[in-house]
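Chemist: dropping a prediction and its sequence here:
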Amino acid sequence: MSNLSRWEQGHHGYGARFAQLLKDGVDITGEARLADTLLPRAGKVLDAGCGMGRIAAALEAAGHDAYGVDLDAELLEQAGKTYPALPVAQVRLEDVSPDSLAAQEFPTSYDLIVCVGNVMTFLAENSERPVLAALRTVVTAEGRLLVGFHQDGGSGRRRYPADEFIADAEASGWRLESRFATYDLRPEQGDDAFFVGILAAV
């Protein structure tokens, strides 16, 4: 098994693409609107795999205490330039823990973890359960996890059927609350559709 994530094995262009979408005025924060409904007012949220910071920044603007972690130093540099007030840090998701976040002077417990933008499908092979277990260590007792990814693979992503993800999540301290096909909560459409999941800590 490679220790490199699928992202590190050659995915490029994400930052430039979203920078252009932002410049063009395209809506790039739909995930954040759903995340906002899952948070208490002024809630603490961790964007796991934050990339250029677009979702965490939108949640910060909505009045939440938002933080981002990612393994990609280039994207984190872009986040710092695009959203200079947003706290971000280079932390691999399998290494997320109260101690690793405290070392970044981040909170060690969150009301919500957001893991969207196909992050789960770009992880290193066989690291899904370790990542999900790591994220479980930094949510409150009532905390939740919002995930979203294409199930069908492609563009360097793994194929990850929703039922397989749910089994991995349940083995890692999470319980599925709801599943949808989009961030505006349209019904799930099948094995190859986009999957949006809301999970509770157990």
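Modeler: Arrived safely, thanks for sending. Numbers count the residues shown, from 1 in each chain.

Chemist: any idea how far Val119 lies from Phe165?
Modeler: Between Val119 and Phe165 the computed distance is 12 Å (Cβ to Cβ, to the nearest Å). All C-beta spots, glycine's among them, are computed from the backbone N, C-alpha and C.

Chemist: joint contacts of these two?
Modeler: 147, 149 (Cβ atoms under 8 Å, 6 or more residues apart in numbering).

Chemist: so which elements touch the longest strand along the chain?
Modeler: Taking DSSP state E as the criterion, the chain has its longest strand at strand 139-150. If you count contacts as 3 or more Cβ pairs under 8 Å, 6 or more residues apart in numbering; DSSP states H and E, strand 139-150 packs onto helix 30-38, strand 110-115, helix 162-170, strand 194-201.

Chemist: same list (those) but as TSV, adding mean neighbour count, mean pLDDT and distance to Leu145.
Modeler: Converted to TSV, the helices and strands packed on strand 139-150 look like this (neighbours: other Cβ atoms under 10 Å; pLDDT from 0 to 100; distance: least, Cβ to Cβ, whole Å):
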stretch	mean neighbour count	mean pLDDT	distance to Leu145
helix 30-38	19	95	10
strand 110-115	25	98	5
helix 162-170	17	97	8
strand 194-201	21	97	4
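
Chemist: so which residues of the protein form strands?
Modeler: Along the chain, counting by DSSP E, strands occupy 44-48, 65-70, 88-90, 110-115, 139-150, 174-180, 194-201.

Chemist: highest average neighbour count across those strands?
Modeler: strand 44-48 (a mean of 28; mean count of other Cβ atoms under 10 Å).

Chemist: touching it from outside, list them.
Modeler: Contacts for strand 44-48 (Cβ under 8 Å, 6+ apart): 35, 39, 53, 55-56, 59, 64-69, 93, 96, 101, 106-107, 109-115, 119, 135, 138.
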